[in-house]
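Engineer: Have a look; sequence and predicted model below, questions after that.
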Amino acid sequence: MNRHPNDASETRPLCETDGQPGSSRRQFISRLAAISAGITVAAPLARSATTTERTALGGQSPGQNPDGSLVEISLKLNGRPQKLKVNPRVTLLDAIRDRLDLTGTKKGCDRGACGACTVHINGRRVLSCLTLAVMAQGKEVTTVEGLAKGDELHPVQAAFISCDGFQCGYCTSGQIMSAVGCINEGHTRSDAEIQEFMSGNLCRCGAYPNIVDAIKMAAQQMNSGR
Ligand code: FES
Ligand code: FES
């Protein structure tokens, strides 16, 4: 079965988020929230901040909690220190997009199945929709916006352009973040290996052959510079 290579549940199917067949992402998130924030999550709070709930809260963003139980976190985002107060149940994906206004990281499935939300934490690729913002406390988070150096694209970004590694582009930031991880992990010895270690990143446009070409091109460049 295809797995996201850096999914914490590396030995488990993608959609099986907490090891309990049939259990939901909401349950997964609430358990992690309790562990990470050191609190007991009461049943009414044991749900992720859905659009419906945000509407019910008067349009507040997921990091704003009317009951006052906010957690302050400090992290480094794309090299810059950031402090923010978040509800412990807010995902890193929502914090990045809705609180820190970096929308390059995409929300596809919001349940760990597509890879569109891939970011790096301390250099390791993770699915930000399955990671609570509080888990990034004290860590370095890199999004696709943090790859380029000024006007100079990251070799993987440049290779995706050279090889036409995207069509609609919705999956592309996740593909690129995962590709950087794949190369850094050394999983580019063959097309088959690249396909396996990129298998957690889905592309509904079917740009897969060009994505593999882009990764091979970037890997050559990055590895020759080491
Ligand atoms: Fe996170 Fe699909 S895996 S949005
Ligand atoms: Fe459209 Fe991948 S380029 S989903």
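Structural biologist: It's in. Ligands and ions are numbered 1, 2, ... in the order given.

Engineer: drop to CA atoms for contacts and neighbour counts, all remaining ones
Structural biologist: Fine.

Engineer: which sections of the protein are below the confidence cut-off?
Structural biologist: Along the chain, the model assigns pLDDT under 70 to residues 1-68, 226.

Engineer: Which parts of it belong to which domain?
Structural biologist: By the record's domain assignment, the chain is partitioned as 19-56, 66-144, 147-226 (automatic domain parsing).

Engineer: so Gln157 touches Gln175, yeah?
Structural biologist: No - using C-alpha atoms under 8 Å, Gln157 is not in contact with Gln175; the gap is 9.9 Å.

Engineer: and these two? which has more neighbours close in?
Structural biologist: Neighbours were counted for Gln157 and for Gln175 using other C-alpha atoms under 10 Å; Gln175 has more, 34 against 24.

Engineer: Show me what counts as buried in the helix or strand containing the more buried one.
Structural biologist: Secondary structure assigned from DSSP states H and E places Gln175 in helix 172-184. Residues Thr172, Ser173, Gly174, Gln175, Ile176, Met177, Ser178, Ala179, Val180, Gly181, Cys182, Ile183 are the ones in helix 172-184 that count as buried (16 or more other C-alpha atoms under 10 Å).

Engineer: Which stretches in this structure count as helices?
Structural biologist: For the chain, applying DSSP state H gives helices covering 25-37, 51-56, 92-94, 155-162, 172-184, 191-197, 208-224.

Engineer: To ligand 2, which of these lies closest?
Structural biologist: Closest to ligand 2 of those is helix 172-184 (C-alpha to the nearest ligand atom; 5.9 Å).

Engineer: how far off helix 155-162 does the closest one point, in degrees?
Structural biologist: 120 degrees (axes from the mean of the first three to the mean of the last three C-alpha atoms, to 10 degrees).

Engineer: neighbouring contacts of helix 172-184?
Structural biologist: Residues outside helix 172-184 that contact it (C-alpha atoms under 8 Å, 6 or more residues apart in numbering): 104-106, 115-120, 123-125, 143-144, 156-157, 160, 165-166, 188, 194, 197-198, 201, 215, 219.

Engineer: which of these are buried?
Structural biologist: 104-106, 115-120, 124-125, 143-144, 156-157, 160, 165-166, 188, 194, 197-198, 201, 215, 219.

Engineer: circling back to that earlier point, list just the nearest of the buried residues of helix 172-184 to ligand 1.
Structural biologist: For these, the nearest to ligand 1 is Gly174 (8.9 Å; C-alpha to the nearest ligand atom).

Engineer: tell me the phi and psi of the residue of the chain found nearest ligand 1?
Structural biologist: Going by C-alpha to the nearest ligand atom, ligand 1 is nearest to Gly112 of the chain, at 3.4 Å. Phi and psi for Gly112, reported as degrees, to the nearest 10, are phi 80, psi 20.
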